[in-house]
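1. Predicted model, plus sequence, below.
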Amino acid sequence: MARFCEVCGKGHAMGNQVTIRGKAKYLGGVGTKVTGISRRKFKPNLQRLRVTVGRGTNTTMLVCTQCIRSGGVTKLVRRAPFKLSAAEGAKAAG
């Protein structure tokens, strides 16, 4: 199974890992040199999350953190938040 976000489809991206040695000229050195370039894989930050889908059905999905933060999914609410009754709310406000 490929590891990708089930909401936006984000998967891994390929890039280079560049190894550099030496001291920069502005710091008093003779300059930096590239001593090696190798391929690497940039992986998305995926989280296994219980998500509410449709009319109250819950499922587990593999979702990237950007979709979680942007509201692309609705997290499962395990317990309803605490609410004051109408009479107590009016008393507390006034």
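-> Happy to help now that I have it. Numbers count the residues shown, from 1 in each chain.
2. Need the phi and psi values for residue 59.
-> The phi and psi torsions at residue 59 (degrees, to the nearest 10) take the values phi -150, psi 160.
3. Can you spell out which residues form a bridge with it?
-> Under DSSP bridges, the beta-bridge partners of residue 59 are residue 51.
4. Which parts of the lengthiest helix in the chain count as buried, going by neighbours?
-> Ranked by residue count under DSSP state H, the longest helix found in the chain is helix 86-93. Judged by neighbour count (16 or more other CB atoms under 10 Å), helix 86-93 contains no buried residues. Backbone N, C-alpha and C define where each C-beta goes, glycine included.
5. Stretch 39-59 too?
-> Applying a neighbour-count criterion of 16+ other CB under 10 Å, one finds 44, 46, 49, 51 buried in stretch 39-59.
6. Then stretch 9-21?
-> By neighbour count on 16+ other CB under 10 Å, the buried set for stretch 9-21 is residue 10.
7. Ok, stretch 56-72 next?
-> 61, 63, 64, 67, 68.
8. quick one: average pLDDT of it?
-> Stretch 56-72 carries an average pLDDT of 91.
9. which outside residues touch it?
-> Contacts of stretch 56-72 with the rest of the structure, by CB atoms under 8 Å, 6 or more residues apart in numbering, involve 3-8, 10, 44-53, 73, 75-76.
10. now do the same end-to-end measure for it.
-> 16 Å (CA to CA, to the nearest Å).
11. Which parts of the chain are helices?
-> Under DSSP H, the chain gives helices at 65-70, 86-93.
12. Only alpha carbons, please: show the last one as PDB.
-> Coordinates of the C-alpha atoms in helix 86-93 are reproduced here as PDB (Å, rounded to 0.1, in the frame of the first residue of the first chain):
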ATOM      1  CA  ALA A  86     -30.500  28.400  29.100                       C
ATOM      2  CA  ALA A  87     -31.300  29.500  32.700                       C
ATOM      3  CA  GLU A  88     -27.800  29.000  34.000                       C
ATOM      4  CA  GLY A  89     -26.400  30.800  31.000                       C
ATOM      5  CA  ALA A  90     -28.600  33.900  31.600                       C
ATOM      6  CA  LYS A  91     -27.700  33.900  35.300                       C
ATOM      7  CA  ALA A  92     -23.900  33.700  34.600                       C
ATOM      8  CA  ALA A  93     -24.100  36.500  32.000                       C
END
